[in-house]
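>>> quick check, what structure comes out for this input:
(one chain, ligands or ions: 1)
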Amino acid sequence: MRGYWWRPSQNRPPETEKETDVTTPIFIDHSQVGAHIDTLARFGAFGETGVRRLVYSPEWVAAMDQCRRWAEQADLDVSTDAVGNLWARIPGKDPGRSVVTGSHIDSQRSGGRYDGALGAIGGILALGALKAQAGTPIRTLEALVLCEEEGSRFPTAGFWGSRAIIGKISADDPAQVLSYEGETIADAMRSVGLDPSGIPSARRDDIEAFIELHIEQGPVLEDAGLSVAIVDAITGVAQFEVTLTGEQNHAGAFPMDLRRDPMAGFAEIAGCVIDHAHRLGRPAVTTVGRCDVDPGASAIIPRSVRFSIDARHPDPEARIRLYAVHDALIREVAQRRGLDVNIRKMIDLEPCKSDPGVLDALRSGAERQGIATLTMPSGAGHDTQQMSLICKTAMVFVRSAGGRSHTLEELSSVSDCTNGIRVVAEALRQLAY
Ligand SMILES: [Zn+2]
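Predicted coordinates for the structure are as follows:
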């Protein structure tokens with residue numbers, strides 16, 4: 001879809017109070033988008049531009065209260081579930097399964113003001129605009145502000161909000177999940193007036209579709225000169241721990257041709273697996289990010305080298321082929337160099353494909369709004385992966401300046417953020433009206 005980004009975009013206020021003409025694009029007020037982002041960033045403001053808003057902290061409570069006020073001002077029906085997720089809805093004429101949009105409100109310990117917040121704010125603004133400009137939907141629409149995604153206060157509580165919705169929090173978790181300071185998540189919940197024993201009631205089985213608006217957190221959109229991407233898959237990831245074992249000897253006395261040097265094997269393997277992903281091109285990625293050398297001394301040929309390989313691809317078959325090539329490379333090098341090899345798979349997560357119908361709604365929504373998009377996979381994990389276990393899903397990305405995220409310098413322009421919300425609003429209209 002590249003090539004017509006200069007086409008004038010169709011974002012103008014409605015001429016009448018309730019313009020129900022489906023050919024008129026939904027109007028999103030960019031000054032409100034900018035003001036909401038700035039306001040939310042005050043709760044847990046960190047450094048000049050960043051945010052540190054950990055789940056169930058006073059800042060988090062204040063930010064949730066603010067979202068509730070915005071939802072009430074937008075004339076949405078607001079409720080909170082047992083883990084503290086906020087739901088803001090427009091009841092449909094046909095009380096069936098809901099169409100939902102949203103994202104998380106917690107941040108990294110030293111994070112930016114857009115990660116998660118954009119989709120949480122965007123959902124409320126999109127529903128407010130739809131209610132005012134398109135009236136009552138057929139299907140129930142819901143904006144969702146998820147309580148926790150990052151695991152930044154409780155390292156094993158990642159996706160706490162979406163896991164509650166899909167029923168993936170076990171009865172033991174509240175008492176066993178500990179913060180970095182040793183506090184249980186059950187105590188943290190009680191401190192903000194939530195009852196951990198009620199968690200099972202947060203489960204939902206009546207959601208038809210979920211759309212998550214999020215910043216890209218990478219450089220692809222900026223590189224393409226576009227503001228919005230439609231996400232067709234969240235990448236699958238595997239992490240391997242590889243150990244090469246040779247023979248520890250003197251670095252001066254042992255001739256090169258008689259060595260069994262695991263460092264030489266490691267160097268060749270690291271170069272080959274990284275090159276392979278590079279030659280495959282986007283979206284394949286392979287990273288060797290850690291390496292431990294034993295014993296690790298200047299004058300000793302090492303005994304062993306243990307290193308990590310993290311390899312990702314959003315296509316299930318391509319992902320398996322990528323790992324097979326890596327595996328064959330490792331074994332061939334080890335055998336040729338007389339090294340013992342041990343490969344352990346530490347993490348293995350399947351890719352999450354977006355739903356074709358939701359993708360269609362997003363593409364035609366972007367077209368109606370006159371916003372050029374590209375289609376790309378997400379290299380990072382998101383709540384959408386959890387939600388995909390109970391409903392149809394897709395994501396929308398907004399350009400990140402410099403591709404930067406999980407830093408105080410995170411930045412997306414108000415006009416890019418507004419474009420993302422416009423695409424989501426239009427897709428919601430298509431799915432719910
Ligand atoms: Zn996020």
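
>>> identify the residue spatially nearest to Gly379, adjacent ones excluded.
Leaving out its chain neighbours, the residue that sits closest to Gly379 by CB to CB, 6 or more residues apart in numbering is Thr235, at 5.2 Å. Every residue, glycine included, has its C-beta placed from N, CA and C.

>>> tell me the spacing between the one you found and Pro262.
Thr235 sits 30 Å away from Pro262, going by CB to CB, to the nearest Å.

>>> buried residues in the helix or strand hosting Gln66, which are they?
Per DSSP states H and E, Gln66 falls inside helix 58-73. Within helix 58-73, the residues that count as buried by 16 or more other CB atoms under 10 Å are 59-61, 63-64, 66-68, 70-71.

>>> so how far is the helix or strand encompassing Ile165 off the chain centroid?
Under the criterion of DSSP H and E, Ile165 resides in helix 160-166. Put simply, helix 160-166 sits 14 Å off its chain's centre (CA atoms, centre = their mean, to the nearest Å).

>>> and the residue in the stretch 151-300 of the chain positioned nearest to the ion, backbone torsions?
Taking CB to the ion, the ion has its nearest neighbour within the stretch 151-300 of the chain at His214, 5.7 Å off. The phi/psi pair for His214 (degrees, to the nearest 10) reads phi -150, psi 160.

>>> enumerate every residue touching it.
103, 115-116, 118-119, 382, 395-398 (CB atoms under 8 Å, 6 or more residues apart in numbering).

>>> Thr235 and Pro262: which is more packed in?
Neighbour count, other CB atoms under 10 Å: between Thr235 and Pro262, Pro262 has more, with 30 against 22.

>>> ok, back up a step: so what's the residue nearest to Gly379 up against?
Contacts of Thr235 (CB under 8 Å, 6+ apart): 283, 285, 312-314, 351, 377-379.

>>> which one of the contacts of His214 has the most neighbours?
Greatest neighbour count in the contacts of His214, by other CB under 10 Å, goes to Gly119: 33 neighbours.

>>> thinking again about what came up before, so is the helix holding Ile165 next to the ion?
No - Helix 160-166 is not in contact with the ion by CB under 5 Å from the ion; minimum separation 11.3 Å.

>>> I'd like the next helix or strand past that helix.
Toward the C-terminus, helix 160-166 is succeeded by helix 173-176 as the next helix or strand (DSSP H and E).

>>> quick one: average pLDDT of the next helix or strand after that next one?
Sequence-wise, the next helix or strand downstream of helix 173-176 (DSSP H and E) is helix 185-191. The average pLDDT for helix 185-191 rounds to 98.

>>> for helix 185-191, list every residue counted as buried.
185-186, 188-189.

>>> among these, which two are most distant?
Greatest spatial distance among these (CB to CB): Ala186 and Ala188, at 7.3 Å.

>>> beyond the helix or strand where Leu362 lies, next helix or strand please.
Under the criterion of DSSP H and E, Leu362 resides in helix 356-368. Where DSSP H and E defines the elements, the next helix or strand beyond helix 356-368 is strand 373-378.

>>> return the residues of the stretch 51-200 of the chain in contact with the ion.
Residues of the stretch 51-200 of the chain lying near the ion by CB under 5 Å from the ion: 115-116.

>>> secondary structure element for the residue of the chain most remote from its centre, which one?
Here the chain reaches farthest from its C-alpha mean at Ala253, the gap being 52.7 Å by CA atoms, centre = their mean. In this structure, Ala253 sits in neither a helix nor a strand according to DSSP H and E.

>>> mind checking how far it is from Ser298?
According to CB to CB, Ala253 stands 15 Å off from Ser298.

>>> what is the helix holding Leu362 packed up against?
Here helix 356-368 touches strand 207-215, strand 228-234, strand 373-378, strand 392-398, helix 414-432, going by 3 or more CB pairs under 8 Å, 6 or more residues apart in numbering; DSSP states H and E.

>>> again, only this time at 7 Å
strand 228-234, strand 392-398, helix 414-432 (3 or more CB pairs under 7 Å, 6 or more residues apart in numbering; DSSP states H and E).

>>> export stretch 166-182 as CSV, just CAs?
C-alpha atoms of stretch 166-182 as CSV (Å, rounded to 0.1, in the frame of the first residue of the first chain):
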residue,chain,number,x,y,z
ILE,A,166,-8.7,-15.8,29.3
GLY,A,167,-8.7,-17.7,32.5
LYS,A,168,-5.0,-18.4,32.7
ILE,A,169,-4.3,-17.4,36.3
SER,A,170,-4.1,-20.4,38.6
ALA,A,171,-5.7,-20.3,42.1
ASP,A,172,-2.2,-20.4,43.7
ASP,A,173,-0.8,-17.5,41.7
PRO,A,174,-2.0,-14.6,43.8
ALA,A,175,-0.2,-15.9,46.9
GLN,A,176,2.9,-17.1,45.0
VAL,A,177,3.6,-14.3,42.5
LEU,A,178,6.2,-12.0,44.2
SER,A,179,7.3,-8.5,43.5
TYR,A,180,11.0,-7.6,43.2
GLU,A,181,10.6,-6.4,46.9
GLY,A,182,9.1,-9.7,48.0
